[in-house]
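Novice: kindly return the folded structure for what I paste below:
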Amino acid sequence: MIEKLLKLSPEKLVKEVMSITDAETYKTLDAAIAHNYGLYPGFIPVASDGPWLIDVKGRRCLDGVSAYSAANLGHNNPFVRNVIKTFLDTASPTICGRFIATKPLAYAGKVLKEVTGFDYFLPANGGVEAPETAIKLARLYSHKKGNLEPVIIYFTGCFHGRTVTVTQFFEDAVCRDGFGPFPAGFHKVPFNDIEALKKVITRSTAAVLIEPVQGEGGINIPDSDYLPAVRELCDKTDTLLIYDEVQTGWGRTGKLFAWEHSGARPDILCTGKSISAGFMPIAGVFADKKIMDVLTPGSHGSTFGGSPLAMMIAIASVVEILRKNLPERSAELGAYTVKQLKKVAVKSKIIKEVRGMGLMIGIEIHKGEKNAHDYCLKLLKEGLIAKDTHDWVIRFSPPIICSKNDIDFAIDCFRTVLR
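Specialist: Next up, the predicted model:
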């Protein structure tokens, strides 16, 4: 096979890769790729159309997962794609050692500072790198203050990625067991319970790490006064407040960032997914000068974080997010979707609750013979891609560029499957 590939032009190489059959695709994935994901059967996309994925037979499925919000702008966004093409045509380097100054990184800094209001951006790669970096930053900041045993508080039902550090946060045995021993210095507290937090937070606490809306945990939305109360507690104890907005950021919940619903601004903000427009892993953290200044050359690094190509994509993504008014669009379509799903729930013995913020929506089903995964497979047959979490919740977070007609199609799929 390799000998054959060595003779191919770029065009023929792409054609060769995309020409393997569906059966061969599944067979090879089983034989050559680690089995850390269970694959949905019967649908392999080879093309896309905004929020829709298309297989080789022309079958269209609405992407109701958006790669966990990485595809907020849909798939293969034309504007971002053209920015990438134009940049590559300049023959500019796509990667440099971070000790080399680059114009895309500098310009991205200006854009992100203006848009987010934070003094500094610390670039990273995939989503989990953002909370990992935030933990490092909080610990270093705490050490500089003289706290040599800093503790990070996290919450039940949270999800911050899959590294060894944050894997210990899982309550699901499949995700957690067998990966220890885990790093020390972390303390778990019930989510959305301010009294529980009051009992454990002290001046030796380095930071509180929290998702403004829990995604993997089941689309769990805290009470409206909860995050302001957490902010107040952190202020009283001189504790840093870290929001993980890797999934909720950039318009998903109906605001540019989910924290804006409460007004409780974080000290460190984790970002990722949507800032990439789905083209490559891009993430990072925002913080103000007094926090970010604890970093010095050599104290932290990332080979691909902040690369010229990544920063051009980030700039284009932010421009497109703002130009298409994704926060406002998400708020409007999300309210409509929840309203329609609640109408379905009234006539369904399967649905227990519908909850959401913007286009980040969870449909919790009653426990029974079939779990959420079973219903997700049925939805796929109807032409809707959805993803289960915690056994009994179906997540629906389509690309925010969806039309009302796209949403109506999804509602019909839910109505058919969850009668």
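
Novice: rest of the way, CA atoms for contacts and neighbours
Specialist: Noted.

Novice: find the centremost residue of the chain, please.
Specialist: residue 247 (2.8 Å; Cα atoms, centre = their mean).

Novice: specify the local secondary structure of it.
Specialist: For residue 247, the assignment made with DSSP: H, G, I helix; E, B strand; the rest coil gives coil.

Novice: please name the residues that touch it.
Specialist: 68-70, 215, 271-274 (Cα atoms under 8 Å, 6 or more residues apart in numbering).

Novice: quick one: which of the residues you listed is most hemmed in?
Specialist: residue 274 (32 neighbours; other Cα atoms under 10 Å).

Novice: so what's the nearest residue to it once chain neighbours are set aside up against?
Specialist: Leaving aside its chain neighbours, residue 274 sits nearest to residue 70 (4.3 Å; criterion: Cα to Cα, 6 or more residues apart in numbering). Counting by Cα under 8 Å, 6+ apart, residue 70 touches 247, 272-278.

Novice: from residue 353, how far off is residue 70?
Specialist: With distances taken as Cα to Cα, to the nearest Å, residue 70 is found 26 Å from residue 353.

Novice: with secondary structure added, can I get the contacts of residue 70 in CSV?
Specialist: Shown next, in CSV, are these (three-state DSSP):
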residue, secondary structure
247, coil
272, coil
273, helix
274, helix
275, helix
276, helix
277, coil
278, coil
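
Novice: got the phi/psi numbers for residue 221?
Specialist: Dihedral pair for residue 221: phi -110, psi 120, per degrees, to the nearest 10.

Novice: repeat that for residue 47.
Specialist: Here residue 47 shows phi and psi, under degrees, to the nearest 10, equal to phi -150, psi 170.

Novice: can you tell me the closest non-neighbouring residue to it?
Specialist: Excluding the flanking residues, the one nearest residue 47 by Cα to Cα, 6+ apart is residue 54, at 5.0 Å.

Novice: hang on, the earlier thing: show me which of the contacts of residue 70 is closest to residue 318.
Specialist: Among these, residue 275 lies closest to residue 318 (Cα to Cα), at 6.5 Å.

Novice: correct me, but that closest one touches residue 251?
Specialist: No. Using Cα atoms under 8 Å, residue 275 is not in contact with residue 251; the gap is 10.5 Å.

Novice: between these two, which contacts overlap?
Specialist: Overlap between the contact sets of residue 275 and residue 251, as judged by Cα under 8 Å, 6+ apart, is nil.

Novice: who's more crowded, those two?
Specialist: The residue with more neighbours, out of residue 275 and residue 251, is residue 275; 32 against 27, by other Cα under 10 Å.

Novice: returning to that earlier point: please report the distance of the residue nearest to the centre of the chain from residue 298.
Specialist: With Cα to Cα as the criterion, residue 247 and residue 298 are 29 Å apart.

Novice: which other residues reach the worst-scoring helix or strand of the chain on mean pLDDT?
Specialist: Within the chain, no helix or strand scores below helix 173-176, which has a mean of 89 by mean pLDDT, DSSP states H and E. Residues external to helix 173-176 that are found in contact with it (Cα under 8 Å, 6+ apart): 167-170.

Novice: quick one, helices of the stretch 251-400 of the chain?
Specialist: Ranges of helices in the stretch 251-400 of the chain, per DSSP state H, counting those that start in this stretch, are 289-292, 308-323, 326-346, 372-382.

Novice: which among these is found nearest to residue 401?
Specialist: From the helices of the stretch 251-400 of the chain, taking Cα to Cα, the stretch that ends up closest is helix 326-346, at 7.2 Å.

Novice: between that closest one and helix 308-323, how big is the angle?
Specialist: Orientation of helix 326-346 against helix 308-323 (axes from the mean of the first three to the mean of the last three Cα atoms, to 10 degrees) gives an angle of 70 degrees.

Novice: counting neighbours, what do you get for residue 248?
Specialist: Neighbour count of residue 248, defined by other Cα under 10 Å: 32.

Novice: burial measure for the residue lying closest to it once chain neighbours are set aside, as a count.
Specialist: Nearest residue to residue 248 in three dimensions, chain neighbours excluded: residue 258, at 6.0 Å (Cα to Cα, 6+ apart). Residues lying near residue 258 (other Cα under 10 Å) number 27.

Novice: give me the distance between residue 297 and residue 99.
Specialist: Between residue 297 and residue 99 the distance is 9 Å, computed by Cα to Cα.

Novice: picking up where we left off before, hmm, residue 213 and the residue nearest to residue 248 touching each other?
Specialist: Yes. Under the criterion of Cα under 8 Å, residue 258 makes contact with residue 213 at 7.4 Å.

Novice: which neighbours do those two share?
Specialist: residue 248.

Novice: identify the residues contacting stretch 79-88?
Specialist: Against stretch 79-88 from outside (Cα under 8 Å, 6+ apart): 94, 277, 309, 312-313, 316-317, 320.

Novice: which pair of these spans the longest distance?
Specialist: 94 and 320 (21.2 Å).

Novice: between those two, which one's more packed in?
Specialist: Neighbour count, other Cα under 10 Å: between residue 94 and residue 320, residue 320 has more, with 19 against 16.

Novice: now for the more buried one: which residues touch it?
Specialist: Counting by Cα under 8 Å, 6+ apart, residue 320 touches 73, 79-80.

Novice: picking that back up, got a winner among the contacts of helix 173-176 for most neighbours?
Specialist: Of these, with other Cα under 10 Å as the count, residue 169 tops at 23 neighbours.

Novice: ok, that residue - contacts?
Specialist: 154-156, 158-159, 176, 188.

Novice: before we move on, back to that, so what's the residue nearest to the centre of the chain scoring on pLDDT?
Specialist: Per-residue pLDDT puts residue 247 at 97.

Novice: same check, this time on the one 10 residues further on
Specialist: In the predicted model, residue 257 carries a pLDDT score of 98.

Novice: that one: neighbouring residues, count only.
Specialist: Residue 257: 22 neighbours (other Cα under 10 Å).

Novice: distance check, the closest residue in space to it that isn't next to it in sequence against residue 211.
Specialist: Nearest residue to residue 257, sequence neighbours excluded (Cα to Cα, 6+ apart): residue 249, at 4.6 Å. Using Cα to Cα, one gets 10 Å for the distance from residue 249 to residue 211.

Novice: same question for residue 83.
Specialist: Separation of residue 83 from residue 211 (Cα to Cα): 32 Å.

Novice: out of those two, which sits in the more crowded spot?
Specialist: For the pair residue 83 and residue 211, the greater number of neighbours falls to residue 211 (28 against 17), based on other Cα under 10 Å.
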